[in-house]
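*Asks:* Got a predicted model here, sequence first, then my questions.
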Amino acid sequence: MQANERQLVDALADMREEEAIALARAMLDGGVDPLRVLELCREGMEIVGKRFEKGEYFLPELMLGGEMLEAIGALAKPLVAKAPGGPAKTHGRVLIGTVQGDLHDIGKNIVTFMLDVNGFEVKDLGIDVPAATFVDAIREFQPAVIGLSGFLTLAFDAMRDTVSAIEAAGLREGRKIMIGGGQVDEAVRAHARADAYGGNAMAAVALCREWIGA
């Protein structure tokens, strides 16, 4: 990792908002791949999430992290859209949200952003989303893919409960469910009975491309 990249990750992790945004702007103006800048944001926000789980950070820090990510995303998004092979027609609909009991939204926001710039129509339900809300949104939005996000270990049961609610409502058939979050792995996927898990935002995009045929 180059020095300026490490500076950006550290500035994000340490809640130095003005410095982080200035560094990201300078990198983008200097021709750095906007997807690389977003990946650095993910790394910084992963540190923020770990500090939250350890009790070093609290909800205000999570909110500030989300604001920094949103500001940098606003700078990067037009550049991603201009890149060769940028988004054209809408590939399909994806419903996403952080499951009930979990307030983490940084990773989810990056996934939402990357799906958006890659041509998917995304509906983001936000954080702490009850299973019933997912069910109602599926009926209304009719997505091809459902993304369940969660960082805390308590989210794993909520993911499973949400999948069960979707199945009980008769809405699973013909749709794919992916999960993601800091500690999600194959064992969690099996526990939640999801179709796949994504280790990062680009993995989530790849899954949606595969499933929808984009």
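*Replies:* Okay, I see it. Residues are numbered from 1 along each chain as shown.

*Asks:* Name the spans of this protein whose pLDDT lies under the cut-off.
*Replies:* 81-89, 214 (pLDDT under 70).

*Asks:* Show me how it divides into domains.
*Replies:* 3-82, 93-212 (automatic domain parsing).

*Asks:* mind checking how far the shortest one is from the chain centre?
*Replies:* Which is domain 3-82. Here domain 3-82 is found 14 Å from its chain centre; the criterion is Cα atoms, centre = their mean, to the nearest Å.

*Asks:* circling back: including mean neighbour count, could the domains of the chain go into JSON lines?
*Replies:* The way it works is simple: take the backbone N, C-alpha and C, and place the C-beta from them, glycine included. Putting the domains of the chain into JSON lines (neighbours: other Cβ atoms under 10 Å) gives the following:
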{"stretch": "domain 3-82", "mean neighbour count": "17"}
{"stretch": "domain 93-212", "mean neighbour count": "20"}
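
*Asks:* OK, contacts around the residue nearest to Leu8 when sequence neighbours are not counted?
*Replies:* Excluding the flanking residues, the one nearest Leu8 by Cβ to Cβ, 6 or more residues apart in numbering is Leu23, at 4.5 Å. Residues near Leu23 by Cβ atoms under 8 Å, 6 or more residues apart in numbering: 4, 7-8, 11.

*Asks:* In helices, which of those residues fall?
*Replies:* 4, 7-8, 11 (DSSP state H).

*Asks:* which one among those gets closest to Gly181?
*Replies:* Leu8 (22.7 Å; Cβ to Cβ).

*Asks:* OK, contacts around the closest one?
*Replies:* Counted by Cβ under 8 Å, 6+ apart, Leu8 has contacts 20, 23-24, 27, 37, 40-41, 44.

*Asks:* With Phe134 instead?
*Replies:* Contacts of Phe134 by Cβ under 8 Å, 6+ apart are 95, 97, 125, 146, 148, 162, 165-166.

*Asks:* how far away is it from Gly182?
*Replies:* 21 Å (Cβ to Cβ, to the nearest Å).

*Asks:* now swap in Phe141 and tell me
*Replies:* Counting by Cβ to Cβ - Phe141 and Gly182 are separated by 26 Å.

*Asks:* Equivalent analysis for Arg139, please.
*Replies:* In terms of Cβ to Cβ, Arg139 sits 30 Å off from Gly182.

*Asks:* Checking my notes, Ile146 in a strand, right?
*Replies:* Yes: Ile146: assigned to a strand according to DSSP: H, G, I helix; E, B strand; the rest coil.

*Asks:* That one contacts Ile96, correct?
*Replies:* Yes: Ile146 sits in contact with Ile96 when judged by Cβ atoms under 8 Å, with a separation of 7.5 Å.

*Asks:* Find the residues that touch each one of these two.
*Replies:* In contact with both Ile146 and Ile96: no residue, using Cβ under 8 Å, 6+ apart.

*Asks:* For the chain, just list every one of the strands.
*Replies:* 93-98, 121-124, 145-149, 176-180, 196-198 (DSSP state E).
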